Structure formats: C-alpha cells, structure tokens
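Chemist: Kindly generate the corresponding structure for this input.
(one chain, ligands or ions: 1)
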Amino acid sequence: MTDSEQSETYGAMAVVRRIAALREAVAAWKRAGERVGVVPTMGALHAGHMALVEAARRDCDRVVTTIFVNPKQFNRPDDLDSYPRDEATDAARLVEAGVDLLFAPPVEEVYPEGFQTKVSVPLLSDCLCGLTRPGHMDGVATVVAKLFLMTAAERAYFGEKDFQQLLVVRRMARDLDIPVEVVPVPTVRDADGLALSSRNALLSAGQRARAPVIHRTLTAMAGKLADGAAVAEILAWGRGELNAGGVEKFDYLDLRAEDSLEELADLDRPARLFVAGWMGAVRLIDNVAVAAKA
Ligand code: PAF
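Modeler: Numbering: from 1, shown residues only. Take a look at the predicted model:
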C-alpha cells in the first residue's frame, strides 16, 4: 500500500481503497468506544441513498459509506459496463452529509485472483427479482457479507425499496453470525409517490408523468386487501390499473409474506405487495406493506 493511498481525503472525509487501511481506521474508532455504521452503495447516489446516510448519521458516532460496483451482481456485461460511475460527485454529497470515511476499493481488492467463495440465501433469493436476474442475489449476499466483515460496523442501513435485498442481507448476517444490526430505512419517494431510483432518469417525460400509477395502485390494492377483498381479485384489478396507467408488462405483481417472501393466496399474516413492471425499456420496482385483516 502506498502512502498516498493511506492518506487520501475528500474534504473532511477519508477515502480508503484498501481493506487493511479501512480496518485500521475502524479499529481506532472502536478503541475510542465509538459506534460505527455502514451504508453500502454502488455509487450514483440519489436522495434515497442520502436517507440511509442520514439515518446512520443519527444513530452512529462514525459513518462509513462504501462505493463498489459489484460485478458479481450483474448478469449482463453491458449492464455492468454502463453502470453510472462518478466518484467525485458522490464524494461531494457524502462530505456534505458528514460521512467520515468512503471505502471505494478497486475490484481486485474485493475479488483477488483465485476468489471463488459464494454466499447464497436460496429461499429468499429464488423469487421476485431473483427469477429474472439469475445469480443477482447471490452476488449481493456475497459482497455484502464481505463488506460487513471488512467494515466490522455495528449497524448497516438498507432501503425498503429493495425489500428482497434487505431480507436476504439480514438472513445472511444472522446465518453467518456476523454481529451487525441490519436497519431498514423507508423508501424515499418523489412528491407524486414515485419511489426514487437511478432508473427514473431513463423515463421519457410522458412515462415519468404516468409512473406514479405504480405507488398509487399498490396503495389502493393494500387498502382493499386490508378491508377484506379477495387476494386473486385484487391482484387482477391491480394489474388492470397498472396496464391502463402505462405499465406494459410485469416481471411480477405478488402478495408475499413480509418475513419469508412466501407467496400468499390469503392475507393471513403480515404481508407486502411487490411489483416489477416495465414502462418501455425501463424496469421499475416498488413494494408496500399490507396491514393484516382485523
Ligand atoms: O443496493 C445496492 O446498491 C447494492 O445491491 C449493494 C447493497 C450496495 C451491494 O452491492
């Protein structure tokens, strides 16, 4: 490791590229009795990510954000190549938000030659987004396990927008006895209800104007289910509303148990509605909680 790698900073924030330097910084904080939180990201930060950072800032003495575009969670090379990367802009936002340390390792630091281990959480992974993106959730579980072990953070912050990812990561940490609390942060939405996503920028003006139909419909479906309407009927109704609102096709529109992601034909336990739908070439996902019937 070179001296310049050890001493890189961006404003008041340390920028670290090597695991050894990250561990040293975190160990010093822990020796001083400070609580460390981590916000794992792939960069291209938007207000949804910043809500995770704010939650970590509120709870923890020290906040680490990681930026690592993880090749193992992409199943299409073109998708990986075209993933937006702008570390300087991201770093400026993180400094402003009071992040103490940015960990932005090169690929070979995370996956050195000969790397072959895979972390898999099959029951939670092989449904919803796992069906259309084979290997994606294993890639997420593998890199997040490594980031947890590298950062040794006591708390880690994940958005509820990627609810399946949140459950996979929480199960993985429990199963591997990694002493980290996985903290869920509610989905950040635009004023019209559209969940924030870097993909929203790909929508045409017309698609963007129609996209709030997704949250509007999910919320209406959740209300009808809580009032006792039949699940199959509401799923069919929701599909029709979304189609009419410009969602041309679906990867899924399901009611699933909030803890196990088991598909539900009846609302007999805490549940969520999950959707992945396409507006033109743009795939949008969202989910909402459904209150169990009284
Ligand atoms: O949600 C993301 O940005 C990624 O899946 C994560 C959790 C940083 C792992 O690469």
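
Chemist: Just the buried positions in stretch 272-284, please.
Modeler: R272, L273, F274, V275, A276, G277, M279, V282, R283, L284 (16 or more other CB atoms under 10 Å). All C-beta atoms are positioned from the backbone trio N, CA, C, and that covers glycine.

Chemist: Look up which helix or strand the last one falls in, please.
Modeler: What that stands for is L284. strand 282-290 (DSSP states H and E).

Chemist: on contacts alone, who are the packing partners of that strand?
Modeler: helix 213-226, strand 271-279 (3 or more CB pairs under 8 Å, 6 or more residues apart in numbering; DSSP states H and E).

Chemist: Assign a three-state SS to A229, would you?
Modeler: coil (DSSP: H, G, I helix; E, B strand; the rest coil).

Chemist: Model confidence at it, what's the number?
Modeler: For A229, the pLDDT comes out at 97.

Chemist: Ramachandran coordinates for it?
Modeler: phi -70, psi 150 (degrees, to the nearest 10).

Chemist: That one: neighbour count?
Modeler: Neighbourhood size, A229 [other CB atoms under 10 Å]: 15.

Chemist: Just put the helices and strands packed on strand 282-290 in JSON lines and tack on mean pLDDT.
Modeler: Shown next, in JSON lines, are these (pLDDT from 0 to 100):
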{"stretch": "helix 213-226", "mean pLDDT": "98"}
{"stretch": "strand 271-279", "mean pLDDT": "98"}
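
Chemist: Tell me which of the ones you listed sits nearest to R76.
Modeler: strand 271-279 (15.7 Å; CB to CB).

Chemist: Listing partners with orientation, what would you give for that closest one?
Modeler: strand 249-257 (antiparallel), strand 282-290 (antiparallel) (DSSP bridges).

Chemist: so which of those strands comes closest to L264?
Modeler: That would be strand 249-257 among those, by CB to CB, at 4.8 Å.

Chemist: For the strands paired with strand 271-279, state which one has the densest average packing.
Modeler: strand 282-290 (a mean of 20; mean count of other CB atoms under 10 Å).
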